[in-house]
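Undergrad: can you look at this prediction? I've put the sequence above it.
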Amino acid sequence: MKQFKLQNSVAELKEIAKQMRVAILKMLHRAGSGHSGGSLSCVELISGLYFSELRHDPRNPSWEDRDRFIISKGHGCPTVYAALAFAGYFPLAELDTLRKLGSILQGHPYSRATTGIEVSTGSLGHGLAMANGIALAARLNKRNHHVFCLLGDGEIQEGEVWEATMAAAHYRLDRVCAILDHNGLQIDGPNDEVMKVMPVVEKWQAFGWHTIQIDGHNFDQILAAYRAARKVVGKPTMIVAETVKGKGVSFMENVVDFHGVAPTEEQLVRALREIESSQP
Amino acid sequence: MTADKIATRDAYGEVLVELGEQHEEIVVLDADLSKSTRTIKFAKRFPDRFFNMGIAEQNMIDTACGLAVSGKTVFASSFAIFASGRAWEQVRNSICYSRYNVKVVATHAGISVGEDGVSHQACEDVAIMRAIPNMRVFVPADAVETKAIIRTIAQDQKPAYVRLGRAKVPVIYDDTYVFHAGKASQLREGTEVALIAMGATVVLALEAAARLAEEQISVRVINMSSVKPIDRDAILAASNETRAIVTIEEHNVIGGLGSAVAEVLVTFPHRMPMRMIGLQDTFAQSGSYTELFERYGLSVPNVIRVIKEIL
Ligand SMILES: Cc1ncc(C[n+]2csc(CCOP(=O)(O)OP(=O)(O)O)c2C)c(N)n1
Ligand SMILES: [Mg+2]
């Protein structure tokens, strides 16, 4: 694995996504625990940010004008950790220490331990309000950076998500771009069985947001949506990304029980073989 | 102690089904963690009396309030950090203030959660639940005691918080065990030091006491599973009959078991040395259960060290 540049073509992004899946599965396997399904569903969404859309500088992680990314569904952090390592925020070897005693890579994102992690998450429902706070500060400080925030579709059952949704519209936070990882599943089963969240697009529209619907594994659509969100004036943007939980590994795709488990040795071998032989 | 190891959450799942058979008025709520809290067993057996509220703990607790006001006995479960933390104010204002029949049974408490890390390790729950008037706090040491506590609170009409763990723990009690709210259970007689523990640290206390017995140091072991109401008599007896008190908890030492014991101890006329073993006002981190217990002083050698220091 090598370090990647920050601006990439769609063809290059596909290769990065592939390598990210490999890194995610390996680190989860080594850790022996963690969240496979929800990490794999947001690989394109996150690699599209770190390797194309975000203005950021791994050599200057506290650059004031950088765009911010918040993973509100904190359990998907292996994907962010892979992106940060691939971008050069910390050595790739750190990925081997995920979830181990003393690691800079905690089981859920911890901003004080990991360079490039903006805020600590893991308890669902917090991220969007944090993004709003960052956007309000940017406005006060007359800065132009944007804040991207990834939410899970089970996560949006938390009331705080809707409090923050209302606040972002109220304060006309057009620098806030939320992304919904709409994979249809959570821990106890499909969203529809646990607590229906649909219709989502109409909900955010009713709250005064600009909405965009995309295939969350299609880089052309992802990049177009990010660019469009940047241009929206006077309201925040919600990108509803249709995704597949466990994407890229046939026996994990759409399987509820792969939410919170790491691949076994045998599963890892099979998964890596599938990914490596897949056509981008 | 038998060789069996059972997670207290597994015992909870089982006893809920047993109670569900006996009591029509029992309903169970969860917040998208029924597989982990084990309420799924009840959900499968009594689908009409189970409500998954989704990832919405505050909503879950106020819904529990509404059900309780209407005559139901409500068990509401999630991970301890979310059940006690996210929904704290709902528990205080909606459940405890008016004394409704809601049992918050929280699993995955403490650092034995392990690799998920700090966002999921509740080490303040006993403190914040204990601080609410009308709330009772119970921390069972094993599977048998878990069932005894759940059976007891299913019969009374009052709020309760029960703290359960994720990891498997040794079974200490046999089926003759009887639980009384407000009564501690003395597991070992001793005259020099009283070790007071709760939950997963009770086994640690027993092991440390057994080792110290080999060195002719006599240690009393008390399981203070009823953290609130606490057993004043057991603390009084320990203060009269031993020379020092040491508490051990998988919790911050601020506000937890050690604090609860100290609050009683300071009301006695005589003074005696006391030490608190637990998280020393720090967050833990990701790691395995056993590594974390070692690292944060919840180990037999550390208990022995503290006892020798205080004597
Ligand atoms: C406040 C809170 N409640 C419960 C949990 C436990 N939990 C972790 S992941 C998860 C399901 C998340 O589902 P979703 O948001 O759809 O994520 P994804 O499918 O993308 O993995 C739950 C309930 C949590 N982390 N935070
Ligand atoms: Mg989901």
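TA: Looks like it came in fine. Ligands and ions are numbered 1, 2, ... in the order given.

Undergrad: how is chain B carved up into domains?
TA: The record's domain parsing of chain B by automatic domain parsing lists B:5-170, B:185-310.

Undergrad: got the ones you listed as TSV, with mean neighbour count columns?
TA: Glycine gets a C-beta too; all of them are placed from N, C-alpha and C. As requested, the domains of chain B are exported to TSV (neighbours: other Cβ atoms under 10 Å in any protein chain shown):
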stretch	mean neighbour count
domain B:5-170	22
domain B:185-310	20
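
Undergrad: check contacts around residue B:254.
TA: B:127, B:281 (Cβ atoms under 8 Å, 6 or more residues apart in numbering or on different chains).

Undergrad: what is the neighbour count of the residue of the stretch 101-250 of chain A found nearest ligand 1?
TA: Nearest residue of the stretch 101-250 of chain A to ligand 1, counting by Cβ to the nearest ligand atom: residue A:152, 2.0 Å away. Residues lying near residue A:152 (other Cβ atoms under 10 Å in any protein chain shown) number 30.

Undergrad: partner residues bridging it?
TA: On the basis of DSSP bridges, residue A:152 is bridged to residue A:181.

Undergrad: kindly report the same for residue B:79.
TA: According to DSSP bridges, beta-bridge pairing links residue B:79 with residue B:107.

Undergrad: distance of it relative to residue A:124?
TA: For residue B:79, the distance to residue A:124 (Cβ to Cβ, to the nearest Å) stands at 11 Å.

Undergrad: and if you look at residue B:164?
TA: Look at residue B:164 and residue A:124: by Cβ to Cβ, they are 21 Å apart.

Undergrad: pretty sure the residue of the stretch 101-250 of chain A closest to ligand 1 contacts residue A:39?
TA: No. Applying Cβ atoms under 8 Å as the test, residue A:152 and residue A:39 come out as separate, 11.3 Å apart.

Undergrad: which neighbours do those two have in common?
TA: residue A:76.

Undergrad: quick one: the helices in the stretch 201-311 of chain B?
TA: B:201-214, B:232-241, B:257-265, B:289-295, B:300-310 (DSSP state H, counting those that start in this stretch).

Undergrad: could the ones you listed be laid out in JSON lines, adding distance to residue A:17?
TA: Formatted as JSON lines, the helices of the stretch 201-311 of chain B follow (distance: least, Cβ to Cβ, whole Å):
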{"stretch": "helix B:201-214", "distance to residue A:17": "46"}
{"stretch": "helix B:232-241", "distance to residue A:17": "60"}
{"stretch": "helix B:257-265", "distance to residue A:17": "49"}
{"stretch": "helix B:289-295", "distance to residue A:17": "34"}
{"stretch": "helix B:300-310", "distance to residue A:17": "47"}
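
Undergrad: excluding chain neighbours, what is closest to residue B:92?
TA: Leaving aside its sequence neighbours, residue B:92 sits nearest to residue B:132 (Cβ to Cβ, 6 or more residues apart in numbering or on different chains; 4.9 Å).

Undergrad: quick one: secondary structure of that neighbour?
TA: Here residue B:132 is recorded as coil under DSSP: H, G, I helix; E, B strand; the rest coil.

Undergrad: now the phi/psi pair for it, please.
TA: Note on residue B:132: backbone dihedrals following degrees, to the nearest 10 are phi -90, psi 120.

Undergrad: what residues does chain A put near chain B?
TA: For chain A, the residues in contact with chain B (Cβ under 8 Å from any Cβ of the partner chain) are A:31-34, A:74, A:99-103, A:106-108, A:110, A:120-125, A:154-155, A:157-159, A:186-188, A:194-195.

Undergrad: can you do 6 Å?
TA: A:33, A:99, A:101, A:106-108, A:122-124, A:154, A:157-159, A:186-188, A:194-195 (Cβ under 6 Å from any Cβ of the partner chain).

Undergrad: the lengthiest helix in chain A and ligand 1, are they touching?
TA: Criterion DSSP state H: the longest helix present in chain A is helix A:10-31. No. Using Cβ under 6 Å from any ligand atom, helix A:10-31 stays clear of ligand 1, coming no nearer than 12.9 Å.

Undergrad: next SSE after that helix?
TA: Proceeding N to C from helix A:10-31, the next assigned helix or strand is helix A:36-40, under DSSP states H and E.

Undergrad: quick check: which ranges of the stretch 1-150 of chain A have low pLDDT?
TA: Under the criterion pLDDT under 70, the flagged ranges of the stretch 1-150 of chain A are A:1-2.

Undergrad: if I look at the residue of it found nearest ligand 2, how far off is chain B?
TA: Relative to ligand 2, the nearest point of the stretch 1-150 of chain A is residue A:38 (6.2 Å; Cβ to the ion). Remark: distance between residue A:38 and chain B (Cβ to the nearest Cβ, to the nearest Å) = 13 Å.

Undergrad: pull the contacting residues for the residue nearest to that residue when sequence neighbours are not counted.
TA: Spatial nearest neighbour of residue A:38, chain neighbours left out: residue A:76 (4.7 Å); criterion: Cβ to Cβ, 6+ apart. Residue A:76 makes contact with A:38-39, A:42, according to Cβ atoms under 6 Å, 6 or more residues apart in numbering or on different chains.

Undergrad: taking the residues of chain A next to chain B one by one, which sit in helices?
TA: Reading helices off the residues of chain A next to chain B with DSSP H, I get A:159, A:194.

Undergrad: which of the residues of chain A next to chain B are buried?
TA: For the residues of chain A next to chain B, a neighbour count by 16 or more other Cβ atoms under 10 Å in any protein chain shown gives the buried set as A:33, A:99, A:101, A:106-108, A:122-124, A:154, A:157-158, A:186-188, A:194-195.

Undergrad: thinking again about what came up before, in a markdown table: the domains of chain B, plus distance to ligand 1 and mean pLDDT.
TA: Shown next, in a markdown table, are the domains of chain B (distance: least, Cβ to the nearest ligand atom, whole Å; pLDDT from 0 to 100):
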| stretch | distance to ligand 1 | mean pLDDT |
| --- | --- | --- |
| domain B:5-170 | 4 | 98 |
| domain B:185-310 | 14 | 98 |
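
Undergrad: turn those domains into JSON lines, columns for distance to residue A:54.
TA: As requested, those are exported to JSON lines (distance: least, Cβ to Cβ, whole Å):
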{"stretch": "domain B:5-170", "distance to residue A:54": "24"}
{"stretch": "domain B:185-310", "distance to residue A:54": "26"}
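
Undergrad: partner strands of whichever strand in chain B runs longest, parallel or antiparallel?
TA: Criterion DSSP state E: the longest strand present in chain B is strand B:244-252. Taking DSSP bridges as the criterion, strand B:244-252 forms sheet pairs with strand B:193-197 (parallel), strand B:274-279 (parallel).

Undergrad: distance to ligand 2 for the ones you listed - can I get that in TSV?
TA: Putting the strands paired with strand B:244-252 into TSV (distance: least, Cβ to the ion, whole Å) gives the following:
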stretch	distance to ligand 2
strand B:193-197	39
strand B:274-279	32
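
Undergrad: compare those and report which one is nearest to residue B:144.
TA: Nearest to residue B:144, of all the strands paired with strand B:244-252, is strand B:193-197, at 16.1 Å by Cβ to Cβ.

Undergrad: using CSV, write out every CA atom in the closest one.
TA: Extracted as CSV, the C-alpha positions of strand B:193-197 are listed here (Å, rounded to 0.1, in the frame of the first residue of the first chain):
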residue,chain,number,x,y,z
VAL,B,193,-9.8,-5.7,56.4
ALA,B,194,-13.2,-5.5,54.9
LEU,B,195,-13.2,-5.6,51.1
ILE,B,196,-16.5,-4.2,49.7
ALA,B,197,-17.1,-4.9,46.0
